[in-house]
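Enquirer: Below: sequence and its predicted model.
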Amino acid sequence: MIILASLLTSLAFAGTIDVYVSPITFINRVSNEAITISHELDAPFYYSSMYARSAKMKNGRGGYETIEKARVYGKDTIKHAHPDCNYRREPLDCSIKNEHYYVETVATYNNDQMIFRSVLYSPEGTIASTSSRTGEMIVSWIKQQEITIIESEGRGSKQTMTHYGKEELPLKWEIPYKLLQHDVQQTIKGLWTGIKLD
């Protein structure tokens with residue numbers, strides 16, 4: 001009877017995971033005022049709600065099956081499931097204490113590049129999966145040189161004379177990177193797709 005109850009309990013919870021997804025953290029190391037990065041802070045929460053069921057977990061018979069139910073919590077909903085812990089201050093510690101998964105997303109950007117990275121932590125606090133996207137500043141140099149073309153016509157002939165004047169320093173043309181909705185979606189999708197959880 002005990003074995004049957006244990007089997008029924010494991011079947012009831014098979015394929016179910018709990019996940020807390022924190023808002024995006026931005027780390028700004030930019031001195032160039034032309035570069036600005038912003039995004040909806042809770043986008044990883046929304047996309048994790050969509051893609052968490054793409055992960056697979058052990059089925060207890062030596063294989064893996066798609067997750068049947070993913071309970072995904074954000075900063076406003078986690079307090080209803082686990083009111084005893086401050087997830088805004090210590091999200092990883094609270095996730096370990098309450099034995100569920102945790103998604104942390106960080107956007108780090110400087111004058112040259114942006115790195116958008118999501119990390120999925122296991123209930124033990126180890127990294128289960130990571131996914132990232134990068135963007136780089138595009139720099140083009142425009143050559144500056146004075147060119148004078150003189151055309152003259154004489155008796156039955158035409159002459160063209162080209163004069164190259166003083167060359168100036170090239171102009172620097174910068175095209176800043178952007179953090180697009182597509183980048184966030186693909187990062188979170190990559191975090192969950194194809195992962196096998198224990």
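Expert: Now that the structure is in, tell me what you want to look at.
Enquirer: who's Thr130 bridged to?
Expert: With DSSP bridges as the criterion, Thr130 is bridged to Val119.
Enquirer: can you check the one 4 residues further on too?
Expert: With DSSP bridges as the criterion, the beta-bridge partners of Thr134 are Ile115.
Enquirer: Assign a three-state SS to Ser132, would you?
Expert: Following DSSP: H, G, I helix; E, B strand; the rest coil, the label given to Ser132 is strand.
Enquirer: ok, it - how many residues close by?
Expert: Residues lying near Ser132 (other C-beta atoms under 10 Å) number 16. C-beta here means a position set from N, CA and C on the backbone, and glycine is covered the same way.
Enquirer: show me what contacts the closest residue to it other than its chain neighbours?
Expert: Excluding its sequence neighbours, the residue lying closest to Ser132 (C-beta to C-beta, 6 or more residues apart in numbering) is Arg117, at 4.0 Å. By C-beta atoms under 8 Å, 6 or more residues apart in numbering, the residues touching Arg117 are 105-108, 130-132, 187.
Enquirer: cool, Tyr102 as well?
Expert: If you count contacts by C-beta under 8 Å, 6+ apart, Tyr102 has them with 19-22, 91-92, 95, 120-121.
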